[in-house]
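Engineer: Need coordinates for the below:
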Amino acid sequence: MYDVVIIGAGPAGISAALYAKRANKSVLVLYHGESQLEKAHKIDNYYGFIDGITGKDLYDTGIEQAKALGIEVVEDEALNVTMNADMNYEIVTKENTYVGQALILSTGNKKVKPNIKGVEEFDGKGISYCAICDGFFYRKKNIAVLGNEEYALSEAGELENIAGSLVILTNGLSAPNTDKYEINTKKIKEIAGEKKVNRVIFEDDSVLELDGIFIAQGIAGGVDFAKKLGILTEGDKIAVGEDMSTNLPGIFSCGDITGGLLQVCKAVYEGAQAGLSAVKYLKSKA
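Structural biologist: Residues are numbered from 1 along each chain as shown. Sure thing, here's the model as predicted:
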């Protein structure tokens, strides 16, 4: 078990890790997929770099700095987060399960809304982004998970014993590596219904009747985990206090996922604050 587990290895997550580690806490950083920072061709408005720096170089340097301080940094996809009976947090990944006394969410904003007609219109009316949150409402009904990666399979696993029928829709992308679920790889033209979702229309004009669709494209982000845990959110952001605390004890959040100024300087500050707040929480728990 770790004192602090951090999901996300960008400026916010690494800053949190550095401050927690310097307080002599055991720290694990989990990350997966490409960071938004890595896509930045050049950053020339951040302190200390006369000629600027590429986003990828800044990102990679942060991870190496954390490792040099003795922080464990693991590339592994977080799929689910739960609180166990001891009030610690269990993070289930593609490869393992990790436990932390405190948890910091610094994933950036990874929610991916597919560009499909009807997705916005039926959000909350048959379109959901959280199997644990909303699966109960679809007992014995015909539902689908939209996605084609490990996160989609994880959400399907939450729904398989609830649904009357379950299919994974890949929307034209390759099928995930599984024979456990029915897979439909057709490109979707429209999600349709009257007051709520009742069918998917594919580009070949074939129709699949459904009662609900769970969006699970790409990888899980901070808001996805927040909803599963009952953390307060504000739209696509996690609600935090000045100390980066959420409404659940021992969980903090920082960086782009909290909204506001989407800049490295803000992420570094919030990460430092989250790390210090996690240390303070652990002292109170001792």
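
Engineer: And the next helix or strand past the helix or strand bottoming out on mean pLDDT in the chain?
Structural biologist: Lowest mean confidence among the helices and strands of the chain (mean pLDDT, DSSP states H and E): helix 131-134, at a mean of 84. Heading C-terminal from helix 131-134, the first helix or strand you meet, by DSSP states H and E, is strand 142-146.

Engineer: Identify all contacting residues around stretch 148-159.
Structural biologist: 77, 79-80, 92, 94, 131-132, 135, 138, 143, 145-147, 166, 168, 170-171, 173-176, 178, 180-181, 214, 216-220, 224 (Cβ atoms under 8 Å, 6 or more residues apart in numbering). Every C-beta, even on glycine, is put in place using the N, C-alpha and C of the backbone.

Engineer: Inside helices: which ones of those residues?
Structural biologist: Per DSSP state H, helices hold the following members of those: 131-132, 224.

Engineer: Look up the closest residue to Thr279, ignoring the ones flanking it.
Structural biologist: Small correction: residue 279 is Val, not Thr. Setting aside the residues directly before and after it, Val279 is nearest to Ala23 in space (Cβ to Cβ, 6 or more residues apart in numbering), at 4.3 Å.

Engineer: and the one you found, how far is that from Asp3?
Structural biologist: According to Cβ to Cβ, to the nearest Å, Ala23 and Asp3 sit 9 Å apart.

Engineer: List the buried residues for stretch 17-32?
Structural biologist: Of the residues in stretch 17-32, 17-21, 23, 25-32 count as buried by neighbour count, 16 or more other Cβ atoms under 10 Å.

Engineer: can you check stretch 44-60 too?
Structural biologist: 53, 55, 57-59.

Engineer: contacts for it?
Structural biologist: Residues contacting stretch 44-60 (Cβ under 8 Å, 6+ apart): 9-11, 35-43, 263-265.

Engineer: Pick out whichever of the residues you listed sits closest to Asp256.
Structural biologist: Of all the contacts of stretch 44-60, Gln36 has the smallest distance to Asp256: 7.0 Å, by Cβ to Cβ.

Engineer: a markdown table please, covering the ones in helices among the contacts of stretch 148-159 and showing distance to Glu194 and neighbour count.
Structural biologist: Shown next, in a markdown table, are these (distance: Cβ to Cβ, whole Å; neighbours: other Cβ atoms under 10 Å):
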| residue | distance to Glu194 | neighbour count |
| --- | --- | --- |
| Ala131 | 24 | 26 |
| Ile132 | 28 | 16 |
| Asp224 | 29 | 27 |
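
Engineer: any chance of these in CSV, plus distance to Ser277?
Structural biologist: Converted to CSV, those look like this (distance: Cβ to Cβ, whole Å):
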residue, distance to Ser277
Ala131, 30
Ile132, 26
Asp224, 22
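
Engineer: Do a quick rundown of the strands in the stretch 101-250 of the chain.
Structural biologist: For the stretch 101-250 of the chain, the strands defined by DSSP state E, counting those that start in this stretch cover 127-128, 142-146, 165-169, 182-184, 188-193, 197-202, 207-209, 212-215, 233-234, 237-238.

Engineer: now for those, which one comes closest to Ser245?
Structural biologist: Using Cβ to Cβ, the nearest of these to Ser245 is strand 237-238, at 10.6 Å.
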